[in-house]
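**Student:** Model the following, please.
(one chain, ligands or ions: 2)
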Amino acid sequence: MLTIDQALERILAHTPRPRPERVAVEDALARVLAEDVRSDVDVPPWDNSAMDGYAVRAEDTGEDVTLRLLGTVGAGASADGEVTAGTAMGVMTGAPIPNGADSVVMLEDTDRSRSGQVALRIRAREGQHVRRRGEDVAVGDVVLTAGAVLGPAALGLLGSIGRTEVAVARRPRVAIVSTGDEVIRPGTPLRPGQIWSSNHLSLAGWVRASGGISIDAGTAPDDLEATVDVLRRAVADADAVLTTGGVSVGHYDVVKEAFGVLGAPIDFWKVAMKPGKPLAFGLVPGGDGRAVPLFGLPGNPVSCVVNFLQFVRPWLRGALGDPRPYLPVVDATLADDLRDGSGRARLFRVALEQGPDGLVARAAGLQSSGVLTGLVRGQGLLLVAAEAPSPSKGDRVRVQVFDDVWSRSDPGYPW
Ligand code: AMP
Ligand code: MG
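**Tutor:** Numbers count the residues shown, from 1 in each chain. Ligands and ions are numbered 1, 2, ... in the order given. All right, here's what the predicted structure looks like:
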């Protein structure tokens, strides 16, 4: 059996380089940047006022000093004239600082009872309320580097330097093939022995949440020829193919064989993990000559998702150029005893909550590999190494977080 690390290492050896495409900045949310973005402008482009008030020379200012008013500059206007000894110029927030001035006295610290004059109530410090040219971004600064995941703030920053488009990693197309004679789609009534498929939905959701494009490639019956057929079509149109089910050692488990027929040098692994032991991995030539990885994931709904998170998600994030392709891991205190034999790495589904002394992890219901409710109630996978004993109440544990909803689960007002 392989360890999770060994299996992952073999998979990540086949991570393709990200392929860039240009998109409009407004469409780039959550995309992974495929270029270093260098600014060719200063932000702000000139010294400007941070306040509505008066641009002055600090040395002229003081309590009860009166200055002669030269005029007013609004935001968007340019400043004519120069602030010289004994004078001031009105400035609105965002207006350029006129020549000669070095600071701004805000409106609230002035009196304007006499026309053409402004009386100050304070002494200004040099540079006060002035936003310096280039203080945010200077010409030549690299403001974002390839691999950055573009959040709302990054989009705003791109706008502030005048960018309308960016190069981001193309989203890998990931085809999902369900297998199993008993597996039918929700919407059709169940006949005896049948179940509604859930894996195609949870995988599609995870593919999209991980930055990929999911393609529903249908369900193959437990038949070699039919499975090869479905797979062949899926491979032609995808950057990676996921199958669920049919990778165990049962009579009807034809997925591995089907991978082989497609010409994949197949690795079939038993990975020393629970849930999710069986995993097949192979590479087949795709439509445009590139190698398309095939991931044969287990059919059990929890094993399927846990395998996706350990093996497919890092590959997908890697293919996007994300330098941090792994889910975050946090420390927590365990609130329950969790029982399970050792010998394999275990990934318990746990719910996370903020306790008085930090994060607390609780078992999210039954830990059987078919129990999907645990993945919904839980936000993380508690990681227990193969050689470690079962964790007990009060233990400090490590939890791989797949849903950070816990961090915003406090209904209280944030302040
Ligand atoms: P298998 O690996 O094909 O033996 O499947 C293991 C278990 O997962 C069986 O109980 C299957 O019925 C179930 N299963 C397989 N595919 C799906 C699916 N798409 N949705 C939900 N359960 C599935
Ligand atoms: Mg099956």
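
**Student:** how about the residues of the stretch 101-250 of the chain near ligand 2?
**Tutor:** 180, 245, 246 (CB under 5 Å from the ion). In this view, the C-beta of every residue, glycine as well, is placed from N, C-alpha and C.

**Student:** want to throw those residues into a markdown table with secondary structure and pLDDT?
**Tutor:** As requested, those are exported to a markdown table (DSSP: H, G, I helix; E, B strand; the rest coil; pLDDT from 0 to 100):
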| residue | secondary structure | pLDDT |
| --- | --- | --- |
| 180 | coil | 97 |
| 245 | coil | 96 |
| 246 | coil | 94 |
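
**Student:** filter those down to the ones close to ligand 1.
**Tutor:** Filtering those for neighbours of ligand 1 using CB under 6 Å from any ligand atom leaves 180, 245, 246.

**Student:** For ligand 1, state which of those is nearest.
**Tutor:** residue 245 (3.0 Å; CB to the nearest ligand atom).

**Student:** which residue sits closest to the closest one, ignoring its sequence neighbours?
**Tutor:** With sequence-adjacent residues excluded and distances taken as CB to CB, 6 or more residues apart in numbering, residue 245 is closest to residue 299, at 2.9 Å.

**Student:** burial of that neighbour, as a residue count?
**Tutor:** Residue 299 has 26 neighbours, counted by other CB atoms under 10 Å.

**Student:** With residue 77 instead?
**Tutor:** If you count neighbours by other CB under 10 Å, residue 77 ends up with 13.

**Student:** Residue 116 now?
**Tutor:** Using other CB under 10 Å, residue 116 has 8 other residues around it.

**Student:** pretty sure it is touching residue 67, no?
**Tutor:** No: assessed by CB atoms under 8 Å, residue 116 is found out of contact with residue 67, at 10.2 Å.

**Student:** now the ones next to ligand 1 among the residues of the stretch 101-250 of the chain next to ligand 2 in a markdown table, with neighbour count?
**Tutor:** As requested, these are arranged in a markdown table below (neighbours: other CB atoms under 10 Å):
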| residue | neighbour count |
| --- | --- |
| 180 | 20 |
| 245 | 28 |
| 246 | 29 |
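
**Student:** Quick check: the nearest residue to residue 72 once chain neighbours are set aside vs residue 237, distance?
**Tutor:** Leaving aside its chain neighbours, residue 72 sits nearest to residue 90 (3.3 Å; criterion: CB to CB, 6+ apart). Distance, residue 90 to residue 237, by CB to CB, to the nearest Å: 64 Å.

**Student:** who's more crowded, those two?
**Tutor:** Using other CB under 10 Å as the criterion, residue 90 and residue 237 rank with residue 90 on top: 21 against 14.
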